[in-house]
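Trainee: quick one: sequence plus predicted model below, questions after.
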Amino acid sequence: MPDLTLDTWAALSHKAAIAGTDTSHYGPQPWNWIGNDHKRRLTAYSILEAYRRNVARWYVQASSAEARDMRREYGDPDLLMRQVASSVLGRGYRIAVDGADDEVGEDGEAASGPGTTRQKELAEWSDNEQVERKLLRNEHQALSLGDSILWLAYSAKKKRVIVHVVDPGFYFPVYPGDSDCEDYPDKVHLAWQFEQWDQRTQKDITYVRRVTFELAESTPYSVPYQDDPATQRCLMTDATWTLDDLDYDLRNQGPEDFKPQKAVFRQNDEGVTLDQLDLGIDFIPVMHLPNFDGQPWGQSIFTSVSHIIDDLQMADTDSAEAADVAGGPPIVIAGADGSGLDLYGPKTVVSVPTGGQASVLDTSKGLDSLENHVDRLFRRLTVNARIPREILGIVGAAEVPSGTALALAFNPYKVMIGELRLSRKFKYRLLFKMVQRLMIVQNRWAAPVQDAVIEFGAPLPEDVAGVVALVKELAAADRPIISRVTGLAWLADVGLEIDDPTEEMDRVHEEDFDAARLIHDATDSVEMAAEHLGIELPEETREERVARETTEAQAEIAKDQQATQIAADEKQAATVAKNTPKQGAGTGTRNPGATSGSKSGSRNR
């Protein structure tokens with residue numbers, strides 16, 4: 001009997017393939033060349049992937065191949081994994097650069113600054129590289145297998161950093177024998193096997209490709225992404241061997257011991273041979289994401305509940321067979337010969353002599369018991385996996401519990417998502433740090449490296465109407481228990497399109513005239529009311545404006561009245577002048593300069 005190994009994959013020891021017993025008949029085995037140090041890990045990956053792909057029956061100790069093929073698998077593990085993956089990233093997650101949201105523009109212009117610029121560059125890179133899709137695939141691997149690998153490489157053709165999501169079965173880190181595996185390794189192999197048609201021999205040739213990154217000590221040199229000099233250089237080697245070229249005695253020693261004599265070295269996009277090529281960086285551009293922050297290897301969400309999954313599959317198989325029997329129950333014949341009725345089908349007529357009797361043997365009660373057993377196992381699975389049935393959407397409307405009960409049911413799930421995000425928070429920060437460094441080395445982006453993280457979205461589906469009612473109650477104007485900004489943050493968490501709760505609160509204030517009126521009544525300050533609305537006060541108050549407009553109107557009226565009076569006076573004067581005779585008017589023979597009754601001048605002859 002093999003010894004028990006207490007490690008990350010101990011819960012899978014009931015599988016013969018990983019227990020080290022008879023492995024010849026139980027599922028696919030890892031490649032021979034992977035090495036003994038990694039065989040247990042890669043075997044566990046194969047079993048866990050089989051759970052996800054609905055082919056776990058290949059690792060079951062069945063009595064025969066036919067019995068193995070009859071085993072039912074209905075996709076329960078994959079359902080659990082996909083739900084958790086969507087919750088880990090959350091709805092509406094984004095890449096955020098520290099300090100970018102605090103940068104503002106001048107005179108109403110868009111925000112600007114190094115943080116804002118880098119956030120836009122990362123967002124554009126993310127869209128072009130389809131990072132959202134690749135991160136989701138990365139989560140699928142990490143949750144189902146326990147580990148996932150991201151390999152970053154700069155593409156001269158695409159002029160950006162490419163993200164490769166690598167199967168963790170291709171990942172072979174090299175740790176010293178006395179290492180606790182806590183620190184990042186100084187050497188990493190990515191190795192996998194593939195087949196390719198050979199024109200010369202006219203047959204498929206099996207190859208093994210190994211990409212190696214190694215940190216070598218170096219004299220201090222300058223790197224553009226940091227002020228301090230680097231003291232290590234990352235050397236990359238990319239080579240291929242045929243399987244026959246790997247000496248059989250070395251196949252169990254792993255990729256670390258591949259001999260370079262028969263290797264064929266590859267070239268990069270620029271035609272440079274990849275043999276100890278200096279990448280000009282002091283870090284290995286490979287990121288390992290262990291699930292549940294395992295060290296060095298993560299734990300799959302299937303591992304701790306693998307026995308329940310196996311029992312559930314057996315119960316589903318028994319239930320399917322029982323349903324087949326219940327659909328075509330046995331016929332019991334009494335008092336007659338039932339020969340020829342070993343099998344019967346629809347529209348079969350059973351003829352019995354007088355006194356004979358034919359009856360159906362009811363087996364449906366056994367089917368009901370099996371269905372209850374299946375339901376009990378599935379409930380146990382969701383409880384132990386900390387994924388409530390309500391999250392999976394399989395609870396009927398009549399079974400929906402109260403809000404308090406629902407919140408209690410969600411609590412273990414929230415705790416688990418928090419644990420998963422804890423390791424990812426650091427790892428994704430490291431990912432964006434490496435992306436920036438590679439882009440800076442290629443002169444695509446400007447230094448320095450900015451602190452960038454993933455801001456995870458809301459992990460749970462929420463009762464939006466219920467949360468809105470709760471926020472209205474807790475943030476009520478007459479007796480608030482929480483601030484309105486906090487309430488808006490809650491609403492953003494449940495999926496409402498609120499980018500920034502503080503900015504949203506400012507927009508609310510700009511339209512809240514009732515609150516501005518109450519502020520004015522309470523403080524007798526027009527300025528404070530205007531500040532609440534986010535508006536600038538005019539140069540004069542409404543009363544001053546009314547008084548001014550009244551004065552101007554009265555002055556206008558007086559002016560009009562004066563003009564009217566002047567016009568009337570002028571009209572009257574013109575009328576008088578027209579009706580008054582002019583002096584000296586008559587025959588026209590008199591001396592115009594003489595006056596009537598004048599006696600002077602006539603006596604002087």
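Mentor: Right, received. Where do you want to start?
Trainee: which helix or which strand is home to Ala239?
Mentor: Assigned by DSSP states H and E, Ala239 falls within strand 230-242.
Trainee: tell me the mean pLDDT for the following helix or strand past that strand?
Mentor: Of the helices and strands lying after strand 230-242 in sequence (DSSP H and E), the nearest is strand 264-265. The pLDDT scores in strand 264-265 average 94.
Trainee: what's whatever helix or strand Ile309 lives in in contact with?
Mentor: Using DSSP H and E, the element containing Ile309 is helix 306-327. For helix 306-327, the surrounding residues in contact (C-beta atoms under 8 Å, 6 or more residues apart in numbering) are 11-12, 14, 51, 56-57, 60, 70-74, 76-77, 302, 363-364, 366-367, 370-371, 373-374, 377-378, 380-381, 384. All C-beta spots, glycine's among them, are computed from the backbone N, C-alpha and C.
Trainee: can you dump the C-alpha coordinates of it into PDB?
Mentor: The C-alpha coordinates for helix 306-327 follow below in PDB (Å, rounded to 0.1, in the frame of the first residue of the first chain):
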ATOM      1  CA  SER A 306     -14.200  15.600  -5.000                       C
ATOM      2  CA  HIS A 307     -15.800  12.800  -3.000                       C
ATOM      3  CA  ILE A 308     -19.200  14.500  -3.100                       C
ATOM      4  CA  ILE A 309     -18.900  15.000  -6.800                       C
ATOM      5  CA  ASP A 310     -18.100  11.300  -7.300                       C
ATOM      6  CA  ASP A 311     -21.100  10.300  -5.100                       C
ATOM      7  CA  LEU A 312     -23.300  12.700  -7.000                       C
ATOM      8  CA  GLN A 313     -22.300  11.200 -10.300                       C
ATOM      9  CA  MET A 314     -23.000   7.700  -9.000                       C
ATOM     10  CA  ALA A 315     -26.400   8.800  -7.700                       C
ATOM     11  CA  ASP A 316     -27.200  10.400 -11.100                       C
ATOM     12  CA  THR A 317     -26.200   7.200 -12.800                       C
ATOM     13  CA  ASP A 318     -28.400   5.100 -10.400                       C
ATOM     14  CA  SER A 319     -31.300   7.600 -10.900                       C
ATOM     15  CA  ALA A 320     -31.000   7.400 -14.700                       C
ATOM     16  CA  GLU A 321     -31.100   3.600 -14.500                       C
ATOM     17  CA  ALA A 322     -34.000   3.600 -12.100                       C
ATOM     18  CA  ALA A 323     -35.900   6.000 -14.300                       C
ATOM     19  CA  ASP A 324     -35.500   3.600 -17.200                       C
ATOM     20  CA  VAL A 325     -36.900   0.800 -15.100                       C
ATOM     21  CA  ALA A 326     -39.800   3.000 -13.800                       C
ATOM     22  CA  GLY A 327     -40.600   3.900 -17.400                       C
END
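Trainee: list the buried residues in that helix.
Mentor: Within helix 306-327, the residues scored as buried using 16 or more other C-beta atoms under 10 Å are 306, 308-319, 322, 326.
Trainee: which residues of the stretch 301-450 of the chain score low on pLDDT?
Mentor: Residue ranges of the stretch 301-450 of the chain with pLDDT under 70: 335-353, 355-356, 396-404, 406.
Trainee: if you average pLDDT over the strand holding Ala239, what comes out?
Mentor: Across strand 230-242, pLDDT averages out at 96.
Trainee: list the buried ones in that strand?
Mentor: Neighbour counts over strand 230-242 (16+ other C-beta under 10 Å) mark Ala230, Gln232, Arg233, Cys234, Leu235, Met236, Thr237, Asp238, Ala239, Thr240, Trp241 as buried.
Trainee: do stretch 471-482 as well
Mentor: Val471, Leu474, Ala475.
Trainee: where exactly do the strands run in the stretch 151-300 of the chain?
Mentor: Secondary structure of the stretch 151-300 of the chain (DSSP state E, counting those that start in this stretch): strands located at 160-166, 171-174, 187-198, 203-221, 230-242, 264-265, 277-278, 286-290.
Trainee: before we move on, what about the stretch 301-450 of the chain?
Mentor: Under the criterion DSSP E, counting those that start in this stretch, the stretch 301-450 of the chain carries strands at the ranges 331-334, 357-360.
Trainee: look up how far Thr237 lies from the closest residue to Asp147 other than its chain neighbours.
Mentor: The spatial neighbour of Asp147 that comes closest, neighbours along the chain excluded (C-beta to C-beta, 6 or more residues apart in numbering), is Pro168 at 3.9 Å. Per C-beta to C-beta, to the nearest Å, Pro168 is found 21 Å from Thr237.
Trainee: likewise for Val576?
Mentor: 121 Å.
Trainee: same deal with Pro388?
Mentor: Counting by C-beta to C-beta - Pro388 and Thr237 are separated by 49 Å.
Trainee: ditto for Trp297
Mentor: To Thr237, Trp297 is 25 Å away according to C-beta to C-beta.
Trainee: and if you look at Glu270?
Mentor: 16 Å.
Trainee: same check on Asp178?
Mentor: On the measure of C-beta to C-beta, Asp178 and Thr237 end up 26 Å apart.
Trainee: ok, Lys472 next?
Mentor: 63 Å.
Trainee: follow-up on the earlier one: how far away from the center of its chain is the helix holding Ile309?
Mentor: 36 Å (C-alpha atoms, centre = their mean, to the nearest Å).
Trainee: re earlier: can I get the buried residues of stretch 471-482 in JSON lines including pLDDT and distance to Lys259?
Mentor: Formatted as JSON lines, the buried residues of stretch 471-482 follow (pLDDT from 0 to 100; distance: C-beta to C-beta, whole Å):
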{"residue": "Val471", "pLDDT": "81", "distance to Lys259": "67"}
{"residue": "Leu474", "pLDDT": "80", "distance to Lys259": "69"}
{"residue": "Ala475", "pLDDT": "79", "distance to Lys259": "70"}
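Trainee: elements contacting the helix or strand where Glu531 lies?
Mentor: If you go by DSSP H and E, Glu531 is part of helix 526-533. Contact here means 3 or more C-beta pairs under 8 Å, 6 or more residues apart in numbering; DSSP states H and E; on that basis helix 526-533 packs against helix 501-510, helix 513-523.
Trainee: for the ones you listed, which one sits closest to Thr43?
Mentor: With C-beta to C-beta, the closest approach to Thr43 among the helices and strands packed on helix 526-533 belongs to helix 501-510: 49.2 Å.
Trainee: what residues does that closest one touch?
Mentor: By C-beta under 8 Å, 6+ apart, helix 501-510 touches Arg484, Val485, Thr486, Leu488, Ala489, Ala492, Ile498, Ala515, His532, Leu533, Gly534, Ile535.
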